[in-house]
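>>> Output the structure for:
(2 chains)
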2 protein chains.
Amino acid sequence: MTPQAAYDELIRRVREQATLGACIALLEWDELTYMPPGGVAGRAQQLAYLAGLEHGKATDPRLGELLAVVEGSPLLHEPTSAEAVNVREIRRSYMRLARLPRTLVEEVARVAPVSQHHWAMARQEGDFELWRPWLEKMVALKRQEAQCLSANDPYDALLDDYEPGARSDDIARLFAALRQELTPLLAAIAQSRKKPRLAILRRHYSLEQQRSFGMEVAAALGFDFQRGRLDTAVHPFSSRIGPGDCRITTRYSPNQFSDSFFAILHEVGHALYEQGLDPAADGTPMGEPPSLGMHEAQSRLWENLVGRSLPFWKHFFPRARQVFPEALGEVSLNAFYLAINHVAPSLNRVQSDEVTYNLHILIRFELEKDLLSGDLPVADLPAAWNRLYQKYLGLTPGNDADGCLQDGHWSEGMFGYFPTYTLGNLFAAQLFDRVRAEIGNLAEQFHQGDFRGLLTWLRRQIYLQGSRYRAGKLIEIATGKPPDHGPLVRMLREKYGELYGI
Amino acid sequence: MTPQAAYDELIRRVREQATLGACIALLEWDELTYMPPGGVAGRAQQLAYLAGLEHGKATDPRLGELLAVVEGSPLLHEPTSAEAVNVREIRRSYMRLARLPRTLVEEVARVAPVSQHHWAMARQEGDFELWRPWLEKMVALKRQEAQCLSANDPYDALLDDYEPGARSDDIARLFAALRQELTPLLAAIAQSRKKPRLAILRRHYSLEQQRSFGMEVAAALGFDFQRGRLDTAVHPFSSRIGPGDCRITTRYSPNQFSDSFFAILHEVGHALYEQGLDPAADGTPMGEPPSLGMHEAQSRLWENLVGRSLPFWKHFFPRARQVFPEALGEVSLNAFYLAINHVAPSLNRVQSDEVTYNLHILIRFELEKDLLSGDLPVADLPAAWNRLYQKYLGLTPGNDADGCLQDGHWSEGMFGYFPTYTLGNLFAAQLFDRVRAEIGNLAEQFHQGDFRGLLTWLRRQIYLQGSRYRAGKLIEIATGKPPDHGPLVRMLREKYGELYGI
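Here you go, the predicted structure:
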């Protein structure tokens, strides 16, 4: 068999895997949007069956044979060619799965939904003990998984699944630097006399108008409704079902404008990335983002750096006042702008602002490292959580439901996932900083409602690059600098200094 | 291997096939309801891939081995036991597929969408010639298919796929008898002085109210919205995605009440059947209807025998007047009842009434038999079509778009499908006749809005029986008589005699 023939078969096989993945994505999307309650049991069965097929394809020893033929051949001569990148990534995921014993994979799959179920109960009851034994089991399983994957740091082994090539030491350094800068900024904001009128965001906003305004803004940013949809779900998410089919969801509350609106912008950011990937490379690594952090960078960029900016609202606020005359008729742009950028330490990650968000992540990062290393016994998690919230945010949760039970990631075994949120924020700021430098009048363009310059730049520099480079390297190529906290800190200081008159 | 072990493996395998079928059903439902236009190419690929997997499972030689072990064993001693029925039906579909050469299956799959595409163009242009070569190809392929399937009549070989066990001679006899009775009834209606005020159905009916009224009636009939949905699609259909997930669609026009409303009732009829099948037998033949005719019987029963009856509207008309005060406020129950039961010969099958509907089917049945036998060359189809419309309905289409291009069944290769519509009408009348005899005050129950008696009877006699018996046998067991045109003719005479004062 020639290297070319082996490569062609590899590509055919990963594309079949991607097709199965697309079917799974649709089944999952439907489960969260339109499926009637009676469909639950059937859907679980359908998903388990397709996931089994996908796993069988992903671990088929034939992949190993084909990789052996093509690796080292002149076909992969150029390390950033589509061929070399695809083979590198296929090898990576094949080895990852090959290293995990089937019994372990099945045990994690078996425990995850039970653990999730007990976590949800524990959160509802505010009783950590209901979840504790399952979290202990899950931590033990993930430590085992980390050992199978790598002889190095167990945390890095798991992190690598979400953020290939990243190392926890580097991330810890970024966090430390970030924290050092954010703490005084947060203190200064706390002492500012400026107090936002948050009540204006809690007036009556009709659901139908929220939806149509959200769609109007999404389209203006570049979301292509010919290749996507916006629906309603309990938790906002974005889902890629195929190259021409990227769907997003949000949730609406009649007395809350910003939750649903910024969730739309966040998911639009994810979807712009998916809609901007190279369609010719669809179903192969070259047609996929390099990491979760890079994906999150797009959502945070469009949500915060675009959607919570003054130029953006200079354009959209007059329209928002037309659409919601009752709620916003008498509100000034400045009052609105301050309200949507309210900064205050809080106990809740999801509802937190741009300044404190990364402190919430830092806490989780430190705790999950210690859980995995064994330095922190699961039983001590609530106390450790509360201690860190007091230390970094000056608050202590009144109960574990508002504390260590608020996020479901660990219940599913997602350890090493949290730092990708902060990497996303850092990457977003670096990219935005660079675009502003390259496009001198970017703010003016936003003010005019024109976001094409930004989108075109991101498509070329990031979206069309797929997995050609690791995320850190891609940031370096696009911005001239490796991952760095500088731009994010500067932007936050600039924006919030002005807003709060610091 | 013991017969029991072979049987268990057979069941596991057909259940996997059913799971794949459920995934396909969801992908198809989504394509027709919510999928954005950009998803078309990806969806075709996803469906082709899953269909390939399903075909591979359905033709796996292992099925033949397992069948050989279990057949003739004491396990199948009782011919109407679940075991015997499941093995009988698995054998049937396995043999059917085993007889078809792979090249022929692939050729039909390749030609069908092209033929459909040219049919749609031909219909739009009113130009039969655009489609003719593709129809010729399709007829040739289906004749080949029929030859592979059976040495007997080619039409029966194809019919058997939709209506197992049915024979075209029997169907021809039923049609002849039916025609003989309907022709004088139709002539008498034509001479009646009573003229319905059709304009009342073409007033403004708000889409949102049509939808909520339709849902209200669907729920009253017994459609379980916890295990189903109602959505909008270009062509109404019902889709079973899983045992607890049966979805229906309709289409709305703001100036047409009856199209969308009766489409809902029709699809509700299909869905009540699906929702009433034995969930414990899900994924096996015992959990499936025995034929398309039996399925259509349920849709026609609920649409026509229930939904176009006077007792039904005695209950629902006051509510309809509340919901559509503008359109129906000044309309009497009798005027409304006459309008929704308007009878007149027409050129269009889908829009035709209860009396003429089966004549439309008879024409298609005669033509498709002659196309398959070769007695009718494809080139002569338009003329033959027009001749039969003149003969049976006294009308000649002005062009082929209103004539032989109106239905898409043949373009996809669905020969032998049409008679199941009329079998459905006959079965429905026989079942309804029997229920009326068993439940003395059925009309009074409808008048009270109570349809539980009817549904309970159908569930017990038909739905829970699955594929235990062939459709004709099931009718005989449930009603005491084999398939027969008598009850339908009697009901039509009774209803329309009264309505038109004959």
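>>> How about residues contacting stretch A:374-382?
Where contact means Cβ atoms under 8 Å, 6 or more residues apart in numbering or on different chains, the residues beyond stretch A:374-382 that reach it are A:128, A:132, A:135-136, A:139, A:143, A:367, A:370-371, A:384, A:400, A:403-404. C-beta here means a position set from N, CA and C on the backbone, and glycine is covered the same way.
>>> if you set the cut-off to 7 Å instead, what comes out?
In this structure, residues lying in contact with stretch A:374-382 by Cβ atoms under 7 Å, 6 or more residues apart in numbering or on different chains are A:F128, A:R132, A:L135, A:E136, A:V139, A:L367, A:D370, A:L371, A:A384, A:D400, A:G403, A:C404.
>>> Can you name the residues that contact the fifth one?
Think A:V139. Residues near A:V139 by Cβ under 7 Å, 6+ apart: A:L371, A:L372, A:V378.
>>> Let me have those in JSON lines, extended by pLDDT and distance to B:V350.
Below are those laid out as JSON lines (pLDDT from 0 to 100; distance: Cβ to Cβ, whole Å):
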{"residue": "A:L371", "pLDDT": "98", "distance to B:V350": "64"}
{"residue": "A:L372", "pLDDT": "96", "distance to B:V350": "64"}
{"residue": "A:V378", "pLDDT": "98", "distance to B:V350": "64"}
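>>> List, one by one, the residues from the stretch 101-250 of chain A near chain B.
Residues of the stretch 101-250 of chain A lying near chain B by Cβ under 7 Å from any Cβ of the partner chain: A:F225, A:Q226, A:R227, A:G228, A:R229, A:I241, A:G242, A:P243, A:G244, A:D245.
>>> Now that we have these, which of them are buried?
A:R227, A:G228, A:R229, A:I241, A:G242, A:P243, A:G244, A:D245 (16 or more other Cβ atoms under 10 Å in any protein chain shown).
>>> nearest to B:H342, of these?
Minimum distance to B:H342 across those is 39.6 Å, recorded for A:R229 (Cβ to Cβ).
>>> Okay, and the closest one sits in which element?
With elements taken from DSSP states H and E, the one containing A:R229 is strand A:228-232.
>>> helix or strand right after that strand?
With elements assigned by DSSP H and E, the helix or strand that comes after strand A:228-232 is strand A:238-242.
>>> tell me the mean pLDDT for that following strand?
Average pLDDT, strand A:238-242: 95.
>>> Now do it: which elements does it pack against?
Helices and strands touching strand A:238-242, by 3 or more Cβ pairs under 7 Å, 6 or more residues apart in numbering or on different chains; DSSP states H and E, are helix A:3-33, strand A:245-250, helix A:258-276.
>>> can you rerun that using 10 Å?
Contact partners of strand A:238-242 among helices and strands, from 3 or more Cβ pairs under 10 Å, 6 or more residues apart in numbering or on different chains; DSSP states H and E: helix A:3-33, strand A:228-232, strand A:245-250, helix A:258-276, helix B:40-58.
>>> name the helices or strands packed onto the fourth one?
What it means is helix A:258-276. helix A:207-221, strand A:228-232, strand A:238-242, strand A:245-250, helix A:292-300, helix A:333-340, helix A:452-461.
>>> CSV please, covering the ones you listed and showing distance to B:F261.
As requested, the helices and strands packed on helix A:258-276 are exported to CSV (distance: least, Cβ to Cβ, whole Å):
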stretch, distance to B:F261
helix A:207-221, 25
strand A:228-232, 27
strand A:238-242, 33
strand A:245-250, 31
helix A:292-300, 44
helix A:333-340, 46
helix A:452-461, 46
